[in-house]
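Participant: Predicted model, plus sequence, below.
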Amino acid sequence: MARVVVDVMLKPEILDPQGQAVQRALPRLGFAGIADVRQGKRFELEVEGPVDDAALDQINTMAETFLANTVIEDFTVRVEEVAHRGEAK
Amino acid sequence: MTARIGVVTFPGSLDDRDALRAVRLAGAEPVPLWHRDKDLRQVDAVVLPGGFSYGDYLRAGAISRFAPVMDTVVEQARSGMPVLGICNGFQVLTETHLLPGAMLRNNHLHFICRDQKLRVENAGTAWTADYAAGQDIHIPLKNIDGRYTADERTLDELEAAGRVVFRYLDGNPNGSLRDIAGIANEAGNVVGLMPHPEHAVEALVGTGRTDGLAFFTSILKRLVHA
């Protein structure tokens, strides 16, 4: 089965207090040198059948109308190569 | 003759009973509506209540938007039926795009629960006619995703058209842009706000004032005299 990953992030101009809270906690935890953190969502979709143009069109529509609220969020859609996963080790 | 005002119950709604009660106290006939029914039972107006419908999964209001009842609510709202979204109901209205903008996590990341002072900026909507423009009211506020956000152009349009219906006074509780607590659509039949008028309809509970009751008397008068 093929996997399609949809990443959803707040638009750059939208304040992200959750990301800021994570960033502010980093020095206290001993992690230095991180200037900014933005927090988002990742959806992993296991697709039945081939990931062809029709399947990707449908996923794009899903992302645009449901997974992301495009008033405040941007999204990206990419196909993940499942065959190689786990063999790299 | 009175008006039939429906209140939708979604899985996770909390304030549907209070909203039905507020409708009754105002003198209208409360009609419970169910999220899975497309049928609105011949109501004259609809309230989308507060709570955490579908657990606020994905985004507050994002999944409720696809409930069967919302197909009919959106269709009828576009042809003029009055709709009031309170808190989670406001979030549903922005997700359906009946109202512009979006709701985000409070800027301080905390759940907030307090009596909130508001100014009624527009007393010309279907839900605010019993207020005076510029009137200050106190009603409860309780949420974590209450930060109203829209782009600058949308905010300017809302301001210019008088569609900012309520503004927070004495401190912005959640980082909402331009202190916006509630807005209306262009026609004024759809109104959404974060604070809870249905919790301020009897002197015994809530803020000890009945500042929220005028939402429900406003709509009743509008419907009965229509």
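Facilitator: Okay, I see it. Numbers count the residues shown, from 1 in each chain, chains lettered A, B, ... in the order given.

Participant: Chain B contacts on chain A?
Facilitator: A:14-15, A:17-18, A:21, A:66-67, A:69, A:71-72 (Cβ under 8 Å from any Cβ of the partner chain). Any C-beta I mention is one placed from the backbone N, CA and C, and that applies to glycine too.

Participant: Would you list the buried entries among the residues you listed?
Facilitator: Buried members of these, counted by 16 or more other Cβ atoms under 10 Å in any protein chain shown: A:14, A:17-18, A:67, A:69, A:71-72.

Participant: possible to save these as JSON lines with secondary structure and pLDDT?
Facilitator: Formatted as JSON lines, those follow (DSSP: H, G, I helix; E, B strand; the rest coil; pLDDT from 0 to 100):
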{"residue": "A:14", "secondary structure": "coil", "pLDDT": "95"}
{"residue": "A:17", "secondary structure": "helix", "pLDDT": "95"}
{"residue": "A:18", "secondary structure": "helix", "pLDDT": "95"}
{"residue": "A:67", "secondary structure": "helix", "pLDDT": "98"}
{"residue": "A:69", "secondary structure": "coil", "pLDDT": "97"}
{"residue": "A:71", "secondary structure": "coil", "pLDDT": "95"}
{"residue": "A:72", "secondary structure": "coil", "pLDDT": "96"}
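
Participant: picking up where we left off before, which pair in the residues of chain A next to chain B spans the largest distance?
Facilitator: Distance extremes for the residues of chain A next to chain B: the farthest pair is A:21 and A:66 at 27.0 Å, using Cβ to Cβ.

Participant: Low-confidence stretches in chain A?
Facilitator: A:82-89 (pLDDT under 70).

Participant: Which parts of it are strands?
Facilitator: A:2-10, A:40-47, A:73-80 (DSSP state E).

Participant: who's in contact with residue B:56?
Facilitator: B:12, B:88, B:145 (Cβ atoms under 8 Å, 6 or more residues apart in numbering or on different chains).

Participant: burial measure for the second one, as a count.
Facilitator: Residue B:88 is flanked by 28 other residues according to other Cβ atoms under 10 Å in any protein chain shown.

Participant: thinking it is in contact with residue B:13, fair?
Facilitator: Yes. Residue B:88 is in contact with residue B:13 according to Cβ atoms under 8 Å; the separation is 7.3 Å.

Participant: Now residue A:70: closest residue in space, sequence neighbours ignored.
Facilitator: The shortest distance from residue A:70 to any non-neighbouring residue, by Cβ to Cβ, 6 or more residues apart in numbering or on different chains, is to residue A:64 (6.1 Å).

Participant: any idea how far the one you found is from residue B:59?
Facilitator: Distance, residue A:64 to residue B:59, using Cβ to Cβ, to the nearest Å: 14 Å.

Participant: one step back: burial count for the residue nearest to residue A:70?
Facilitator: 13.

Participant: Quick check: it touching residue A:74?
Facilitator: No. Residue A:64 is beyond contact range of residue A:74, at 10.5 Å (criterion: Cβ under 8 Å).

Participant: Identify the contacts common to those two.
Facilitator: By Cβ under 8 Å, 6+ apart, no residue touches both residue A:64 and residue A:74.

Participant: how close does the residue lying closest to residue A:7 once chain neighbours are set aside sit to residue B:210?
Facilitator: Closest residue to residue A:7 apart from its sequence neighbours, by Cβ to Cβ, 6+ apart: residue A:76 at 5.0 Å. The gap separating residue A:76 from residue B:210 is 50 Å, by Cβ to Cβ.

Participant: And residue B:80, by the same measure?
Facilitator: Distance from residue B:80 to residue B:210, by Cβ to Cβ: 29 Å.

Participant: Who has more neighbours out of those two?
Facilitator: residue B:210 (18 against 12).

Participant: Pick out the residue of chain B closest to chain A.
Facilitator: When distances are taken as Cβ to the nearest Cβ, chain B reaches nearest to chain A at residue B:102, 4.4 Å away.

Participant: what sits against that residue?
Facilitator: Contacts of residue B:102 by Cβ under 8 Å, 6+ apart are A:69, A:71-72, B:94-95, B:148-150.

Participant: which residues does it bridge with?
Facilitator: Counting by DSSP bridges, residue B:102 forms beta bridges with residue B:149.

Participant: residues in chain B within reach of chain A, list them.
Facilitator: B:58-59, B:62, B:66, B:94-95, B:100-102, B:104-109, B:147, B:149-150, B:175.

Participant: Let's see that with 10 Å instead.
Facilitator: Proximity of chain B to chain A (Cβ under 10 Å from any Cβ of the partner chain) is limited to residues B:58-59, B:61-63, B:65-66, B:94-95, B:97, B:100-109, B:147, B:149-152, B:154, B:175, B:177.
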